[in-house]
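A.B. asks: Sharing a sequence plus its predicted fold:
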Amino acid sequence: MKLPSPPGLPVLGHLPQMRRDMPGFLLSTAREYGPVCCFRLGPTNMILVVDPALVHEMLVKRASEFRKSPRTGKMISVHLGSGLVSLEGEVHRGHRRVIQPAMHTARIASYGDIMVSHARQRVSSWSPGARVEVVAEMADLALRIVADSLFTASSDPSLLKAVHDFAHSINEYLLSFGLHPSWLPSGLNRRRRASIARIDELGYELIRRRRAGSDGADLLNLLVSTELSDVEIRDELMTMFFAGHETSASALAWAFYELSEHPSIAGSVVGELEAVLGERDPAMADLPHLPYLGSVVKETLRRWPPGWLFDRTPVMPLSIGGYDFRPGQILYFSPYVIHQDPSYWDSPQEFRPSRFAPGAEIAREAYLPFGDGPRMCVGNRFAEAEIALVLAVVLRRVRLARVSDGPVVAEGQATIRPKGGLLMTVSTG
């Protein structure tokens, strides 16, 4: 079956549209050409699959028949090596088993005080009337929380700066769509090599110090207690540093954006917080008693899913839903597009936390902010708890309002984030 495709340029295909607005391009392509269609990235054909039932079939029921595409694996491994995001098969399952105890619900509960403490310090650094760039602020806050919770390393400013530079280099490289030759003597490649060299130096030193006998029950101690090599630990360390703060940071930025656009919703969250918490700070144990806050978190993740785009390629010829796929074909899935499917979501572009009110029925296949199946993000519970606690701390103390009333454009990098940042004014009362 020949799949429909929007018209593209002879050599570049749809690269110009994707560089300009990749989330918007995928959304408009799916709306016009259907939930299974084609587009071209330069000379390479891609298949966009955003039918929720088909995606569920591929990611959950027949997950073993797919793997990440070699193209994406190569792009990821340039920075992250062979970490959980890029591994496949039994090796992936083995690494996941090592990491999962640090992400167990009981262990996450112990991170609550760390999340609240860092959020309180962050909001205390904002003066009334100050303008803060919320994307950058949340990236730094989320990185400190991950560093402290999982690696007990938030007090090392050189490591934090190196991870920030490393994350910037990853996003810059991803925006090149892997079409930028690594041998080219360009600024992008110089920055990439410098950021990797610096993160390797500091990462391996952190591993050496921990192997020397530091006590603790964090993720790094779990990793060094296994038979993983220093290289494998470095790769998992950097994967968790990067993915562990990028997802929460982008979601928090979007949450503050949506709440500034919907003051009545923000008021309802604050009212719930005051009723449940009084004058005290939130704790992990409070989250089940803050259902409206939880609905705001879930609706933010629906509207702006951190894991907004990923791919698979079949490992064998197969047929699903009347479509035939063969090895080597690259299938793109986009939760960002799926979450705006009007057949599952009423007025999907509206921010409406009531969709997730207690007792509401949500189709599993239509809601996958962290992916689904055996490769679902291992840190999804950590991220959801972090987002809720940070919102609770900040909203009880200040209000954030956008400086500009112009449109905010989504930019697709490793996560989906406001293009050019998000400048907001701090106020109290």
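C.D. replies: Great, that's in hand. What you see is a predicted model, and the numbers here were worked out from it, not measured in a lab. Numbers count the residues shown, from 1 in each chain.

A.B. asks: where do the helices sit along the stretch 1-150 of the chain?
C.D. replies: Using DSSP state H, counting those that start in this stretch, the helices of the stretch 1-150 of the chain run over 15-33, 52-56, 70-80, 89-99, 105-124, 134-151.

A.B. asks: gap between the last one and the chain center?
C.D. replies: The chain centroid and the centroid of helix 134-151 are separated by 13 Å, computed with Cα atoms, centre = their mean, to the nearest Å.

A.B. asks: now the angle between helix 89-99 and that helix, please.
C.D. replies: Helix 134-151 runs at 80 degrees relative to helix 89-99, counting by axes from the mean of the first three to the mean of the last three Cα atoms, to 10 degrees.

A.B. asks: Same question for the longest one.
C.D. replies: Counting by the same axes, to 10 degrees, helix 105-124 points 70 degrees away from the direction of helix 89-99.

A.B. asks: Check what contacts helix 105-124 and list those residues.
C.D. replies: Helix 105-124 has contacts (Cβ atoms under 8 Å, 6 or more residues apart in numbering) with 101, 137, 140-141, 144-145, 148-149, 154, 281-285, 381-382, 385-386, 389-390, 393-394, 397-398. From N, CA and C alone the C-beta is placed, and that goes for glycine too.

A.B. asks: Give me the buried subset of the residues you listed.
C.D. replies: Buried by 16 or more other Cβ atoms under 10 Å: 137, 140-141, 144-145, 148-149, 154, 281-282, 284, 382, 385-386, 389-390, 393-394, 398, out of the contacts of helix 105-124.

A.B. asks: before we move on, the earlier item: just put the helices of the stretch 1-150 of the chain in CSV and tack on distance to Pro407 and mean pLDDT.
C.D. replies: Converted to CSV, the helices of the stretch 1-150 of the chain look like this (distance: least, Cβ to Cβ, whole Å; pLDDT from 0 to 100):
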stretch, distance to Pro407, mean pLDDT
helix 15-33, 11, 93
helix 52-56, 28, 96
helix 70-80, 30, 81
helix 89-99, 39, 88
helix 105-124, 27, 92
helix 134-151, 16, 92
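
A.B. asks: quick one: which of the ones you listed is nearest Tyr204?
C.D. replies: In terms of Cβ to Cβ, the element of these nearest to Tyr204 is helix 134-151, at 13.5 Å.

A.B. asks: Now the first helix or strand past that closest one going along the chain: average pLDDT?
C.D. replies: Downstream of helix 134-151, the next assigned helix or strand under DSSP states H and E is helix 157-174. For helix 157-174, the mean per-residue pLDDT is 85.

A.B. asks: list the buried ones in the helix ranked longest in the chain?
C.D. replies: Using DSSP state H to define each element, the chain has its longest helix at helix 230-261. Neighbour counts using 16+ other Cβ under 10 Å place 232-260 of helix 230-261 among the buried residues.

A.B. asks: and that helix with helix 70-80, angle?
C.D. replies: Using the same axes, to 10 degrees: helix 230-261 against helix 70-80 is 100 degrees.

A.B. asks: what's in contact with the helix or strand that helix 230-261 is followed by?
C.D. replies: Per DSSP H and E, helix 230-261 leads on to helix 263-277 as the next helix or strand towards the C-terminus. Helix 263-277 has contacts (Cβ under 8 Å, 6+ apart) with 258-260, 282, 286, 289-293, 296, 351, 353, 391-392, 395-396, 399.

A.B. asks: and the host helix or strand of Val337, what other elements does it pack with?
C.D. replies: Using DSSP H and E, Val337 sits in helix 335-338. Applying 3 or more Cβ pairs under 8 Å, 6 or more residues apart in numbering; DSSP states H and E, one finds that helix 335-338 contacts helix 15-33.

A.B. asks: hmm, back to that, after the helix holding Val337 comes which helix or strand?
C.D. replies: Following helix 335-338 in sequence, per DSSP H and E, is helix 380-395.

A.B. asks: So in this protein, where's the weakest helix or strand by average pLDDT?
C.D. replies: Least confident helix or strand, the chain: helix 70-80 with a mean of 81, by mean pLDDT, DSSP states H and E.

A.B. asks: How about residues contacting that helix?
C.D. replies: With Cβ under 8 Å, 6+ apart, helix 70-80 has contacts from 44, 68, 85-86, 88, 166, 169-170, 173-174, 178, 182, 192, 195-196, 235, 238-239, 242, 310-311, 313, 330.

A.B. asks: And for stretch 30-48?
C.D. replies: By Cβ under 8 Å, 6+ apart, stretch 30-48 touches 3-6, 8, 11-15, 18, 25-26, 29, 49-51, 54, 71, 177, 179, 311, 321, 323, 325, 329-332, 334, 337, 341.

A.B. asks: could you point out where the stretch 151-300 of the chain is predicted with low confidence?
C.D. replies: By pLDDT under 70, the low-scoring segments of the stretch 151-300 of the chain are 154, 178-179, 214-216.

A.B. asks: can you do 80?
C.D. replies: Counting by pLDDT under 80, the stretch 151-300 of the chain has low-confidence residues at 153-155, 174-184, 213-217.

A.B. asks: returning to what we had before: need the buried ones from the contacts of helix 70-80 selected in ChimeraX.
C.D. replies: Here is the ChimeraX command that selects only those of those that count as buried (16+ other Cβ under 10 Å):
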select :68,85,86,166,169,170,173,174,178,192,195,196,235,238,239,242,310,311,313,330
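
A.B. asks: Next, the contact list for Arg131, please.
C.D. replies: Arg131 sits in contact with Val403, Leu423, Met424, Thr425, Val426, where contact means Cβ under 8 Å, 6+ apart.

A.B. asks: For those residues, give me a markdown table that also has pLDDT.
C.D. replies: Output for the contacts of Arg131, formatted as a markdown table (pLDDT from 0 to 100):
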| residue | pLDDT |
| --- | --- |
| Val403 | 95 |
| Leu423 | 97 |
| Met424 | 97 |
| Thr425 | 97 |
| Val426 | 97 |
